[in-house]
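Q: What shape does this take:
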Amino acid sequence: NEDILLEKVQGLDPEQRAAVEEINEYARKVKMFEMRPTDNPRPKPKLLLVHGNAGTGKSHVIDIASQLAHKTFAFNSSGHDPDHPYILKLAFTGSAADLIGGQTIHKALGLPCNNSAVPLGDKMRDLRRIQLKELKMIFIDEISLVGADTIYQIHFRLSKEIKQNCKDFGGCAMVFFGDQLQIKPVSNTFNFGVPTNPKFAMADSINRLWDKFQRIELKTNHRSGEFREYAEILNNLRIGQLTTGDIEKLESRVFPRTSKDIPSDAIFVSGENAIVNEYNKRKLNEPDTDLVSSKANVFSATQREIKTPKLDSSGYIHITNIPLVVDLKVRARITLTYNIDVSDSLCNGSLGDVVGFKRDNNNGIKYVMVKFDKLSAGSERRKNNKFLESEFGYATPIDLLEQEYHQGKESSSSATAINWPLKLA
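A: Take a look at the predicted model:
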């Protein structure tokens with residue numbers, strides 16, 4: 001909606017406006033070159049880092065800038081095919097991608113889940129070249145989670161395989177958003193560090209991509225009321241400068257775990273899986289409904305049952321998103337453990353409540369029916385299963401997940417695990 005977009009643009013603060021103008025000015029130059037290449041120079045692809053702490057409106061800027069850039073790229077282009085996007089909005093995790101209406105980096109570009117340099121297969125490479133032939137700009141949110149190796153994985157995927165040139169990121173403009181003082185990349189070095197993969201480290205020593213990014217800092221806290229106060233405490237904490245008032249406020253929120261002052265629906269957070277599991281089992285026993293327990297079916301490549309598969313500290317089967325045991329009840333609080341469909345807001349970390357179980361003709365459970373907190377989560381899946389609506393309302397059917405994995409190192413024998421991609425929350 002043009003009026004709504006204009007209103008959003010007019011409400012930007014100076015730093016937000018500067019970021020949006022940088023991005024849209026680049027889009028205009030690209031369009032001018034495409035329309036009149038003899039009169040206009042080809043612009044150098046924009047490399048931009050927009051960083052800021054909690055409440056500075058980074059997601060808001062992504063929303064506005066991506067819409068404006070798309071309008072510019074699509075100007076005077078009849079019948080643009082949405083299957084060949086001008087822009088990708090990406091993030092490291094499914095939850096972060098869902099917040100900006102995007103995809104995960106690994107899914108969109110077919111990246112491996114480690115720091116290796118693995119090329120796409122022939123069929124997937126040809127498909128990505130067709131799908132992304134019009135790609136001009138990529139937004140990546142929560143950039144603090146993206147390690148140095150991943151940045152070079154993105155660079156080589158775009159330049160060597162998809163765009164087939166020697167340009168930085170294949171000639172695509174890259175706009176990073178995030179807070180560099182937030183969480184460190186998982187199993188990776190900081191994005192500004194030296195990659196762990198020797199191939200990427202060599203490329204970094206010759207052509208250091210991170211240093212080419214222009215920086216814009218967002219400084220204004222746009223949250224209000226208690227949210228603003230909480231954001232300011234977090235911002236002070238992130239730089240190690242808590243005030244006396246901050247400390248007093250935090251201490252006023254300290255209660256014994258058994259205190260009746262703690263709301264019954266409060267979220268319980270712990271850094272230890274054992275404590276979380278104990279709490280979740282206690283909460284699971286509160287609803288007076290039947291317990292449904294499912295142990296994962298795990299078997300080797302030769303179809304031999306694996307009775308004691310290797311587990312990680314959270315009770316998942318080794319390097320999978322599948323819990324060994326899933327205990328559920330109607331009204332149990334759950335979270336997804338896997339990015340089922342990020343475009344449908346069904347991603348790792350999505351929260352909801354179990355409302356029932358759809359059984360098959362043999363009385364086995366075909367679907368776990370979940371009503372997610374986010375109303376739009378699973379909307380497409382519900383459309384494709386309308387026959388369930390009369391019985392379960394707006395609950396979304398979740399079926400069994402099957403994942404293949406290596407029992408040890410990547411060269412070791414493979415196995416398959418099957419269970420519900422759910423755990424108590």
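Q: give me every residue that touches residue 335.
A: The contact partners of residue 335, by C-beta atoms under 8 Å, 6 or more residues apart in numbering, come to 349, 350, 351, 352, 422, 423, 424, 425. Where you see a C-beta, it was placed from the backbone N, CA and C, and this is true even at glycine.
Q: would you list the residues you listed in TSV and tack on distance to residue 154 and neighbour count?
A: Formatted as TSV, those follow (distance: C-beta to C-beta, whole Å; neighbours: other C-beta atoms under 10 Å):
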residue	distance to residue 154	neighbour count
349	23	15
350	25	27
351	30	16
352	32	24
422	31	24
423	30	22
424	35	20
425	32	18
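Q: The residues you listed in strands, which ones?
A: 351, 352, 422, 423, 424 (DSSP state E).
Q: What is the nearest of the residues you listed to residue 327?
A: residue 424 (7.0 Å; C-beta to C-beta).
Q: What is the burial count for the nearest residue to that closest one once chain neighbours are set aside?
A: Spatially, and ignoring its direct neighbours in sequence, residue 424 is nearest to residue 280 (3.7 Å; C-beta to C-beta, 6 or more residues apart in numbering). Neighbours of residue 280 under the rule other C-beta atoms under 10 Å: 18.
Q: residue contacts, residue 280?
A: 423, 424, 425.
Q: quick one: it from residue 155, how far?
A: For residue 280, the distance to residue 155 (C-beta to C-beta, to the nearest Å) stands at 41 Å.
Q: separation between residue 327 and residue 104?
A: 28 Å.
Q: Which residue of these two possesses the greater neighbour count?
A: Counted by other C-beta under 10 Å, residue 327 and residue 104 do not tie: residue 104 has more neighbours, with 21 against 18.
Q: helices or strands next to the longest helix along the chain in the packing?
A: Counting by DSSP state H, the longest helix found in the chain is helix 14-35. Applying 3 or more C-beta pairs under 8 Å, 6 or more residues apart in numbering; DSSP states H and E, one finds that helix 14-35 makes contact with strand 47-52, helix 58-74, strand 137-141, strand 173-178, strand 214-218.
Q: bridging residues for residue 336?
A: Going by DSSP bridges, residue 336 is paired in beta bridges with residue 422.
Q: how near is it to residue 353?
A: Taking C-beta to C-beta, one finds residue 336 at 13 Å from residue 353.
Q: Neighbour count: those two, which is higher?
A: The neighbour count for residue 336 versus residue 353, taken as other C-beta under 10 Å, is higher for residue 336 (27 against 17).
Q: Could you check which helix or strand contains residue 298?
A: strand 297-300 (DSSP states H and E).
Q: What are the contacting residues of that strand?
A: In contact with strand 297-300 (C-beta under 8 Å, 6+ apart) are residues 305-307, 309, 317, 407, 413-419.
Q: From the residues you listed, keep the buried residues only.
A: 306, 309, 317, 407, 415, 416, 417, 419 (16 or more other C-beta atoms under 10 Å).
Q: Show me where the stretch 51-200 of the chain has its strands.
A: Ranges of strands within the stretch 51-200 of the chain are 87-91, 103-104, 137-141, 173-178, based on DSSP state E, counting those that start in this stretch.
Q: so which of those comes closest to residue 150?
A: Comparing those under C-beta to C-beta, the one sitting nearest is strand 137-141, at 9.6 Å.
Q: How far does the closest one sit from its chain's centre?
A: 12 Å (C-alpha atoms, centre = their mean, to the nearest Å).
Q: helices and strands around that strand, which ones?
A: By 3+ C-beta pairs under 8 Å, 6+ apart, strand 137-141 packs against helix 14-35, helix 58-74, strand 87-91, helix 94-99, strand 173-178.
Q: okay, the angle between that strand and strand 173-178?
A: On the basis of axes from the mean of the first three to the mean of the last three C-alpha atoms, to 10 degrees, strand 137-141 is oriented at 10 degrees to strand 173-178.
Q: what angle do strand 137-141 and helix 14-35 make?
A: Using the same axes, to 10 degrees, strand 137-141 lies at 160 degrees relative to helix 14-35.
Q: Now strand 137-141: average pLDDT?
A: When pLDDT is averaged along strand 137-141, the result is 98.
Q: So what are the sheet partners of that strand and their directions?
A: For strand 137-141, using DSSP bridges, the partner strands are strand 87-91 (parallel), strand 173-178 (parallel).
Q: wait, doesn't residue 238 sit right on residue 180?
A: No. Using C-beta atoms under 8 Å, residue 238 is not in contact with residue 180; the gap is 9.8 Å.
Q: before we move on, back to that, make TSV out of the helices and strands packed on helix 14-35 and add mean neighbour count and distance to residue 374.
A: Below are those laid out as TSV (neighbours: other C-beta atoms under 10 Å; distance: least, C-beta to C-beta, whole Å):
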stretch	mean neighbour count	distance to residue 374
strand 47-52	22	25
helix 58-74	20	15
strand 137-141	25	17
strand 173-178	25	21
strand 214-218	16	26
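Q: Quick one: closest of these to residue 191.
A: Per C-beta to C-beta, nearest to residue 191 of those: strand 173-178, 8.1 Å.
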